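1. Provided below are the primary sequence and the corresponding predicted coordinates.
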Amino acid sequence: MEAVRKVEGRAYPWGASNIDTDIIIPAHWLKTTTREGLGKGAFESVRAQPGNVFDDPRYAGASVLVAGDNFGCGSSREHAAWALADLGIKAVIAPSFSDIFSGNAFKNGIVPVVLPQEAVDRLVEVARTDEVTVDLETMTVTTPYQDRFAFDLDPFRRQCLMEGLDEIGMTLAQDTAISKFEAGMAKDRPWLAVETANEGIAFEATGRT
């Protein structure tokens with residue numbers, strides 16, 4: 001996962017509320033097993049409307065989405081976060097998020113920023129003409145007009161985002177400690193190592209993995 005310390009650039013000034021995951025990525029896109037290409041299906045029903053914000057050339061390549069309350073509600077599909085990431089979005093700003101979507105966003109390197117409605121309204125206004133910056137170092141969202149909005153984020157999630165660590169990365173980061181623990185277990189409790197090896201052989205013999 002790519003490390004995220006600061007997200008700055010144009011933002012989609014959407015502000016729509018109660019956007020569920022079916023709007024973010026329709027169900028017929030869920031047949032894929034890869035994350036690549038899902039950006040083409042992101043907000044498909046919205047993009048079918050003339051003059052929609054996602055196809056407006058002024059916001060081409062935007063890395064921030066300014067949305068409304070209860071963003072990411074509905075089903076728990078992780079494809080919603082995959083689609084946003086493939087679209088190039090690295091931060092979503094909204095008054096509130098579905099808990100499951102917020103967790104999926106974090107696991108896929110997208111910063112879910114919660115701000116009061118008044119701040120979101122202001123950012124929608126600014127984003128129509130200027131860039132927005134989300135800074136994980138200072139925990140603020142700023143604009144060229146000296147707007148400065150502080151936000152909170154779980155310290156553990158913040159650290160993972162800034163270091164680019166997903167669940168696999170966090171496990172691999174502990175490789176030395178895990179290897180040391182396993183070596184100690186093999187030395188102090190050798191019978192466990194034998195049992196584990198025998199179980200592996202049994203699984204192979206029965207065709208199970």
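-> Arrived safely, thanks for sending.

2. quick check: residue 151 touching residue 142?
-> No: Residue 151 sits out of contact with residue 142 when judged by C-beta atoms under 8 Å, with a separation of 11.2 Å. Just so you know, the C-beta spots here come from the backbone N, C-alpha and C atoms, and that holds for glycine as well.

3. what helix or strand does the residue nearest in space to the middle of the chain sit in?
-> With the centre of the chain defined as its mean C-alpha position, the nearest residue by C-alpha atoms, centre = their mean is residue 105, 2.3 Å away. Taking DSSP states H and E as the definition, residue 105 sits inside helix 99-107.

4. what helices and strands are in contact with that helix?
-> Counting contacts by 3 or more C-beta pairs under 8 Å, 6 or more residues apart in numbering; DSSP states H and E, the secondary-structure elements packed against helix 99-107 are helix 79-87, strand 111-114, helix 155-163.

5. in the following helix or strand past the shortest one, what counts as buried?
-> Looking back up the chat, that one is strand 111-114. From strand 111-114 onward toward the C-terminus, using DSSP H and E, the following helix or strand is helix 117-127. Of the residues in helix 117-127, those scored as buried under the neighbour-count criterion (16 or more other C-beta atoms under 10 Å) are 119, 120, 122, 123, 124, 125, 126, 127.

6. output those in a markdown table; the columns should cover distance to residue 98 and pLDDT.
-> Shown next, in a markdown table, are those (distance: C-beta to C-beta, whole Å; pLDDT from 0 to 100):
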| residue | distance to residue 98 | pLDDT |
| --- | --- | --- |
| 119 | 20 | 98 |
| 120 | 16 | 98 |
| 122 | 23 | 98 |
| 123 | 20 | 98 |
| 124 | 20 | 98 |
| 125 | 25 | 98 |
| 126 | 25 | 98 |
| 127 | 22 | 98 |
